[in-house]
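Enquirer: Output the structure for:
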Amino acid sequence: MFRRTLSLLGLTGAGLLTAGVLAGCASGSSGSSSTPDATPSAPAAELGAAWLDGGRALAIVTTGSSSCAPRVTEQPTFADGALTVVLSGADDAVCTSDLAPRATYVPLPAGVDPTQRLAVTVTGAASGEVDLAAMPSSAPATSEYAPSAGWVDESTVAILTWGSSSCLPQVETVRPAGSDIAVRFAQPPADQICTMDMAPRVALADVTGMAGAGEVRLVLSGGNVASDGPIPVLGSH
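Expert: Residues are numbered from 1 along each chain as shown. Reported below is the predicted structural model:
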């Protein structure tokens, strides 16, 4: 599915779930049991990456528990055209026992030019390398705290939204909408209680067979996700 092979070193992680969040805010696959996800010998998976936020950030895609994506707890480093990202997990996390792709938001340090090809090395809770194609210089800018999206591969897009770190938007449906692709997020429960922070949340959407050869735009709706019209998918597919 993704571009390069990844060896998992133990996918224990709290993702964007914040310690102390009230029950009911954590997300996971329906019907999955919640058990500590601490298996150093987890099967090999693949690593993906996508441009987000107008080229100011990346989504790093790994495979493991859908409720416990790895986190970035230290500033990524950039030297000689290569980015190094250290992913962290949480030993005390309780995670669903499924195996799914999940995305981690990675803010980029100064000096990264999104119009240049980027070599990314990932270490820590997951390890591997991915070569990210340059973003076209004609790509539109993205304003602060606005939703954005980027290509992970020809069938997967990463979607960045901003809001409570404890209540993550879940993709409900993906369908063609004329020349665009409509992505609807699930409506959260009326009694869901969320932290009052403003954090980046990255969801993944499968757009297999829906993307043409030219520019692709997403129309976002539902799940308390606000978007001023369609958003372009950054990068190439």
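Enquirer: Who does Thr161 form a beta bridge with?
Expert: Taking DSSP bridges, one obtains Arg201 as the residues bridged to Thr161.
Enquirer: Go ahead and confirm it touches Arg201.
Expert: Yes - using CB atoms under 8 Å, Thr161 is in contact with Arg201, at 5.3 Å. Any C-beta I mention is one placed from the backbone N, CA and C, and that applies to glycine too.
Enquirer: Now do the shared contacts for those two.
Expert: Common neighbours of Thr161 and Arg201, using CB atoms under 8 Å, 6 or more residues apart in numbering, are Pro169.
Enquirer: Show me what the residue nearest to the spatial centre of the chain is bridged to.
Expert: Closest residue to the average C-alpha location of the chain: Ala103 at 2.8 Å, with CA atoms, centre = their mean. Beta-bridge pairing for Ala103 (DSSP bridges): Val61.
Enquirer: Quick check: it touching Leu204?
Expert: Yes - using CB under 8 Å, Ala103 is in contact with Leu204, at 5.6 Å.
Enquirer: Would you mind grabbing the residues shared as contacts by the two?
Expert: 61, 152, 158.
Enquirer: Show the pLDDT at the last one.
Expert: Spelled out, it's Ala158. With respect to pLDDT, Ala158 scores 98.
Enquirer: Just the element for it, please.
Expert: Using DSSP states H and E, Ala158 sits in strand 156-163.
Enquirer: Kindly list the main-chain dihedrals of the closest residue to Gly209 other than its chain neighbours?
Expert: In space, and not counting its chain neighbours, Gly209 is closest to Ser155: 8.0 Å by CB to CB, 6 or more residues apart in numbering. In terms of degrees, to the nearest 10, the main-chain angles of Ser155 are phi -120, psi 0.
Enquirer: Report the contact partners of Ser155.
Expert: Ser155 makes contact with 1, 206-209, 211 under the criterion CB under 8 Å, 6+ apart.
Enquirer: ok, and for stretch 139-157, which residues are buried?
Expert: 139, 142, 146-153, 155-157 (16 or more other CB atoms under 10 Å).
Enquirer: Repeat that for stretch 193-208.
Expert: Buried positions in stretch 193-208, judged by neighbour count with 16+ other CB under 10 Å: 194-195, 200-205, 207.
Enquirer: Also stretch 105-120?
Expert: Using 16+ other CB under 10 Å as the test for burial, stretch 105-120 gives 105-106, 108, 112, 114, 118, 120.
Enquirer: again with stretch 152-171
Expert: For stretch 152-171, a neighbour-count test (16+ other CB under 10 Å) marks 152-153, 155-171 as buried.
Enquirer: What of stretch 175-195?
Expert: So, applying 16+ other CB under 10 Å, buried residues of stretch 175-195: 180-185, 188, 194-195.
Enquirer: Check the secondary structure at Gly54 for me.
Expert: Following DSSP: H, G, I helix; E, B strand; the rest coil, the label given to Gly54 is helix.
Enquirer: Many thanks, we can stop here.
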